[in-house]
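Colleague: Whatever this is, show me its structure:
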Amino acid sequence: ARAQEHKSIIDLDLVPLVSTPEVKTFGDFDKTVAILDCGVKKNIINCFLENDIGVALFPYDTDYQTILDYGVNGLMVSPGPGNPDRLTDTIANVGKLINKFPVFGICMGQHVIAKTFGATTYKMKFGHRGANQPVKDLQTGKVFITSQNHGFAIDPDSLKGTDLELTQINLNDGTPEGFLHKELPLRTIQYHPESGPGPNDTRDLFEEFGKIIKEY
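Modeller: The predicted model follows:
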């Protein structure tokens, strides 16, 4: 009976419980990426620092103008728990930043960014959990083994006619795993490339994004 009294994860606001309450900075480099903290893992920060990119960690609901005024060189929307539909303020703010500098989204970050283009998400019957999820890149044909932990997915049909191009899929169930913008320096992925824990197959994405920030 007590279990039945608990709300569905669809109705829970979980990101506020794990987001930083204040701006924090890491590293001292020429270029800095803003991370909107929906529940960031420390190894994501470490991966940027390893590539000589400083990090400014912002609360998940930080106003877009605050981020612009900070003078960062790129934006990453981090992973995090729960239903992306609950992050209405985050989605609105990210929508005003996506054409300002290079943008990268991981897991929840993919959902948030996709929603700025009108995407819809749904609760999966069986979420992706574990460090052995196969992902295929549709542009190269290459298959990666990835670490994943999410229970929501993007409906790819909801992005038809937009500038977001589906570039990666999960080989187990065909759900979207990655998008690239057709014109902007914007990439999103559903899996965890920071390999903490998990395989290193896609860790080079941090190096690639770092190069884009440095050259932008």
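
Colleague: And the strands in this protein, which stretches?
Modeller: Listed in chain order, the strands of the chain (DSSP state E) span 24-26, 32-37, 54-59, 74-77, 103-106, 121-137, 143-154, 164-170, 176-181, 186-189.

Colleague: Which neighbouring elements make contact with the last one?
Modeller: Helices and strands in packing contact with strand 186-189 are listed as strand 103-106, helix 108-116, strand 176-181, helix 204-215; criterion 3 or more C-beta pairs under 8 Å, 6 or more residues apart in numbering; DSSP states H and E. Where you see a C-beta, it was placed from the backbone N, CA and C, and this is true even at glycine.

Colleague: okay, these in CSV with mean pLDDT next?
Modeller: Listed next are the helices and strands packed on strand 186-189 as CSV, based on pLDDT from 0 to 100:
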stretch, mean pLDDT
strand 103-106, 99
helix 108-116, 99
strand 176-181, 98
helix 204-215, 98
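
Colleague: before we move on, back to that, so which of the strands of the chain comes closest to residue 97?
Modeller: Of all the strands of the chain, strand 74-77 sits nearest to residue 97, with 5.5 Å by C-beta to C-beta.

Colleague: what packs against that closest one?
Modeller: For strand 74-77, the packing partners by 3+ C-beta pairs under 8 Å, 6+ apart come out as strand 32-37, helix 88-95, strand 103-106, helix 108-116, helix 204-215.

Colleague: mind putting the ones you listed in a markdown table, distance to residue 159 and mean neighbour count included?
Modeller: Output for the helices and strands packed on strand 74-77, formatted as a markdown table (distance: least, C-beta to C-beta, whole Å; neighbours: other C-beta atoms under 10 Å):
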| stretch | distance to residue 159 | mean neighbour count |
| --- | --- | --- |
| strand 32-37 | 21 | 26 |
| helix 88-95 | 14 | 18 |
| strand 103-106 | 13 | 27 |
| helix 108-116 | 6 | 27 |
| helix 204-215 | 21 | 17 |
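
Colleague: Can you lay out those as JSON lines showing distance to residue 180?
Modeller: Output for these, formatted as JSON lines (distance: least, C-beta to C-beta, whole Å):
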{"stretch": "strand 32-37", "distance to residue 180": "18"}
{"stretch": "helix 88-95", "distance to residue 180": "17"}
{"stretch": "strand 103-106", "distance to residue 180": "11"}
{"stretch": "helix 108-116", "distance to residue 180": "11"}
{"stretch": "helix 204-215", "distance to residue 180": "12"}
